[in-house]
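**Student:** The amino acid sequence is not available; the structure is as follows:
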């Protein structure tokens with residue numbers, strides 16, 4: 001038994017995965033504490049408005065670089081540093097081009113956007129700006145993960161979260177900016193870490209004046225553009241759900257739904273944290289020894305599924321006990337938790353297997369799966385939400401389950417580990 005544990009702790013992937021997971025949980029935990037504090041100072045109506053803004057951010061974030069950022073991870077172990085610099089420049093060029101188009105679109109159609117998305121002209125610009133500068137920070141964190149430097153990754157990400165939280169507390173509580181204080185805190189923090197990320201990428205030798213080739217543009221866009229429907233999947237489901245709930249009920253109901261979603265998101269955070277290192281490990285295994293790695297990947301996947309299941313059960317029990325005590329204003333949100341947390345469990349399963357589709361560049365197939373599920377989700381949500389917003393949460397659960405099963409079965413055609 002001791003030898004097995006010793007071997008586990010000596011495993012580099014386990015060590016890196018544990019450190020990445022620790023920092024992910026630390027950052028999620030700090031944001032979770034912020035959620036508790038904000039619930040004492042922001043009413044459900046304001047919380048609903050805040051979530052509608054970040055729903056808009058999630059949409060713009062999908063388009064801002066045309067999903068080309070993923071090509072960096074796919075090619076990192078196949079090419080040299082200079083070529084990786086070309087791919088990074090490609091991502092930045094796409095981001096600048098799309099940002100300019102979005103700014104022009106906002107100037108021309110800002111009244112229409114405000115009517116549909118409930119975000120005024122100034123916040124439309126803030127939304128686009130935040131998404132654009134965030135790309136540089138994302139590239140830095142991707143590089144740290146690919147270099148398998150979890151300590152550096154943890155330091156940068158934790159510093160970002162702490163600064164964001166400090167700015168939020170000052171603006172919301174001390175300066176009484178309500179829900180807008182959270183947005184301005186994010187604006188100031190992303191601007192600061194945009195310059196920090198530029199400096200660190202330059203210092204590491206990844207920022208060079210090397211134009212991408214036509215072949216790299218073609219490869220990156222062929223990889224990234226089909227991922228746009230996949231990446232917008234979150235908006236097409238929970239994002240649209242918020243607007244549908246707002247249409248049938250009110251922003252207060254949106255706030256309650258979003259509050260419960262924030263708790264269920266803790267389950268997804270576990271899957272996402274593990275996937276930070278697991279995706280790198282999978283790409284390395286498939287690049288070096290695909291047949292010899294099946295046993296290790298199978299064991300690791302089954303263990304993680306068991307962990308996701310246990311965390312889902314534990315979260316529901318804890319929330320049922322603590323919601324009335326800690327969040328009296330939001331205790332009616334508990335009815336959404338069970339279906340949303342089961343949906344988050346299936347999203348974790350989805351993460352386990354979609355990496356194989358990414359590696360084999362089956363992004364078009366992934367697009368068809370996620371887009372089809374999203375269309376079903378929206379149709380059911382439009383039909384059922386009018387009867388009860390709780391049914392919207394169950395629609396989310398069902399669509400996440402269908403998506404996870406579909407990706408699992410397709411991944412078996414590419415690389416069968418279970």
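**Tutor:** Nice, thanks for sending it over. If you're wondering where the values come from, they're calculated on a predicted model, not measured in any experiment.
**Student:** Could you say which helix or strand holds the residue nearest to the spatial centre of the chain?
**Tutor:** Taking C-alpha atoms, centre = their mean, the centroid of the chain lies closest to residue 272, which sits 7.8 Å from it. Element membership of residue 272 [criterion: DSSP states H and E] is helix 251-288.
**Student:** by contact count, what packs against that helix?
**Tutor:** Under the contact definition 3 or more C-beta pairs under 8 Å, 6 or more residues apart in numbering; DSSP states H and E, helix 251-288 sits against helix 12-41, helix 44-63, helix 70-75, helix 121-146, helix 240-248, helix 294-326, helix 337-359, helix 389-414. C-betas here are computed from N, CA, C, even on glycine.
**Student:** what angle sits between it and helix 337-359?
**Tutor:** 30 degrees (axes from the mean of the first three to the mean of the last three C-alpha atoms, to 10 degrees).
**Student:** Tell me the buried residues in helix 251-288?
**Tutor:** 251-286 (16 or more other C-beta atoms under 10 Å).
**Student:** Report the rounded mean pLDDT for it.
**Tutor:** For helix 251-288, mean pLDDT rounds to 77.
**Student:** Provide a list of residues in contact with the closest residue to residue 102 other than its chain neighbours.
**Tutor:** Ranked by C-beta to C-beta, 6 or more residues apart in numbering and with sequence neighbours excluded, the top spatial neighbour of residue 102 is residue 128, at 4.9 Å. Contacts for residue 128 (C-beta atoms under 8 Å, 6 or more residues apart in numbering) come out as 60, 64, 99, 102-103, 106.
**Student:** now residue 303
**Tutor:** Applying C-beta under 8 Å, 6+ apart to residue 303 gives no contacts.
**Student:** how near is it to residue 19?
**Tutor:** According to C-beta to C-beta, to the nearest Å, residue 303 and residue 19 sit 18 Å apart.
**Student:** pretty sure residue 66 contacts residue 224?
**Tutor:** Yes - Residue 66 lies in contact with residue 224 (C-beta atoms under 8 Å); the separation is 5.0 Å.
**Student:** pLDDT value on residue 136, please?
**Tutor:** Per-residue pLDDT puts residue 136 at 96.
**Student:** ok, it - contacts?
**Tutor:** Residue 136 is in contact with 92, 194, 197-198, 201, counting by C-beta under 8 Å, 6+ apart.
**Student:** is it true that the residue nearest to the centre of the chain touches residue 354?
**Tutor:** No - Residue 272 lies out of contact with residue 354 (C-beta under 8 Å); the separation is 11.9 Å.
**Student:** circling back to that earlier point, which single one of the contacts of residue 136 is nearest to residue 333?
**Tutor:** Closest approach between the contacts of residue 136 and residue 333, by C-beta to C-beta: residue 194, at 34.3 Å.
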